[in-house]
Structures are given as structure tokens and as C-alpha cells.
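> requesting a structural model of the entry that follows:
(2 chains)
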Amino acid sequence: GQQLNQSPQSMFIQEGEDVSMNCTSSSIFNTWLWYKQDPGEGPVLLIALYKAGELTSNGRLTAQFGITRKDSFLNISASIPSDVGIYFCAGQASGTYKYIFGTGTRLKVLA
Amino acid sequence: NAGVTQTPKFQVLKTGQSMTLQCAQDMNHNSMYWYRQDPGMGLRLIYYSASEGTTDKGEVPNGYNVSRLNKREFSLRLESAAPSQTSVYFCASSEREGTKNIQYFGAGTRLSVL
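Numbering: from 1, shown residues only, chains lettered A, B, ... in the order given. Okay, the predicted model is just below:
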């Protein structure tokens, strides 16, 4: 089935460092969502993007909707231990109720 | 406001047994979804219901059936469980507002089939 290419798959960083991850698709999307999943929990929405080129922040998190509408980026500044978890992107094409999810980026923060 | 509630949280089945996973949302959303999550595979859509009275297959529907009981509830049934259905199952709901359509997830049901 169709899935987004999300990278990196995992990353270990030092506390205080900045983090970047991205998702790419062969299809054009009208909406990009970024979720965080903690162990044993369901995904929780971080940021929603609706327009090409849109740049949206949520605290230390910033996400961008790529100009080509086939990619999106998530940055986390000054990482802290509670940033640990799995980050998922999800894209939705026009005229559909379905979202396609990336395979996730597993983030571990070393104190 | 509970959001999306899934029951049970954990379940162990023997091969061939049947069971129903329950999902309810209190946000008055029209659309509901069932996903399974396997290591390294992200979330894969099993079935979805765009609105009350309609259901459609997603990416991996084989071995599952669904029922949109009413606007609040969307259940997932395994008629004859197989070890390949060992997974974490998530229910989600959403409501389209103009161009916006955000999905909200439950906490998941962890299913093991022996």
C-alpha cells in the first residue's frame, strides 16, 4: 500500500540540539499533519498544515508545507528529554477522507 | 470530554477466536477510522466510515469487518483471528471544516493472537 517516505527512521541527539525530519510523497497532498506518539499511547496532533509554503509553529516545533505539495518538514528546537517518542507525518489528498501515514521517526534524547 | 475511547486496552486471543473492538467518540464527528500499527510500518488504514451509514475498505481490510452502529460508535470485528493480526489497533475520528480535516486518535487496543 501507499506510504510516505519519512526520514530519518531514528535519531539519537543530545539535549539542547535541534532536530529536523521530513516526509516525501509521490502524490500531491492538500493537508499535512504531524503527530507525536508516546509509548503505549495513541498519536497526538502537533501541527496541521493546509497551504503550500505554509510555515506553522507550536512552541519549539515548526512545520512547513513544501512548495511542491509533495513534502513536509518538522523541526524541533532545543530538544528536551520529553521530546522522546515517535513522530509521524500524514498527508491527505483532495477529495478523499483518507490519510496516508509515514513510517515514523523515532527520537531519543540523551541528557 | 473523553474524545475517542477504545475498549478493551489489551486482549489475547487464540487462533480462530472471534472478537469485536469497540470505539466511541463524543466529538460529534462524522468520520471514523480503524488503523493497525505494526513495528516499522506506521499506521495502515483497515476500514473507514466517512459518515453514519457508510463504510469503505482501506489499505488492509482482509480478515476484518466493521459496523458503524451510530454516529458515535464504530466497531471492528475479527471473525477468525490469525497470528498475523497481532498488532496495535487505533480508532480515530474527524470532522471536515472547510479545508480542514484533523484526525483524533484513541489510546489503542493491543491485541495478541497466539
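> report the buried residues of the worst-scoring helix or strand of chain B on mean pLDDT.
Every helix and strand in chain B was compared by mean pLDDT, DSSP states H and E; the lowest is strand B:100-105, with a mean of 86. Along strand B:100-105, these residues count as buried under the neighbour rule (16 or more other C-beta atoms under 10 Å in any protein chain shown): B:101-105. The C-beta positions use only the backbone N, C-alpha and C, and glycine is treated the same way.
> so which of those reach chain A?
B:101-105 (C-beta under 8 Å from any C-beta of the partner chain).
> mind checking the end-to-end distance for stretch B:13-24?
With C-alpha to C-alpha, to the nearest Å as the measure, the first residue of stretch B:13-24 is 22 Å from its last.
> equivalent analysis for stretch B:97-107, please.
Stretch B:97-107: ends 24 Å apart by C-alpha to C-alpha.
> likewise for stretch B:45-54?
16 Å.
> tell me how far it lies from the chain's centre.
Centroid separation for stretch B:45-54 versus its chain: 10 Å, with C-alpha atoms, centre = their mean, to the nearest Å.
> could you do stretch B:11-26 as well?
10 Å.
> what are the buried residues along stretch B:36-54?
Under 16+ other C-beta under 10 Å, the buried positions of stretch B:36-54 are B:36-37, B:42-50.
> ok, so of the buried residues of strand B:100-105, who is nearest chain A?
residue B:105 (3.6 Å; C-beta to the nearest C-beta).
> next, count neighbours for residue B:31.
Applying other C-beta atoms under 10 Å in any protein chain shown, we find 22 residues neighbouring residue B:31.
> what is the residue lying closest to it once chain neighbours are set aside paired to in the beta sheet?
Among residues not flanking residue B:31 along the chain, residue B:94 sits closest, at 4.8 Å (C-beta to C-beta, 6 or more residues apart in numbering or on different chains). Beta-bridge partners for residue B:94, by DSSP bridges, are residue B:31, residue B:103.
> residue B:94 touches residue B:104, doesn't it?
Yes: using C-beta atoms under 8 Å, residue B:94 is in contact with residue B:104, at 6.9 Å.
> what is in contact with these two at once?
residue B:29 (C-beta atoms under 8 Å, 6 or more residues apart in numbering or on different chains).
> ok, which stretches of chain B are strands?
In chain B, the segments counted as strands under DSSP state E are B:4-7, B:10-13, B:19-25, B:31-38, B:42-49, B:56-57, B:65-68, B:74-78, B:87-97, B:100-105, B:109-113.
> near chain A at all, the third one?
Same thing as strand B:19-25. No: using C-beta under 8 Å from any C-beta, strand B:19-25 stays clear of chain A, with a minimum separation of 11.2 Å.
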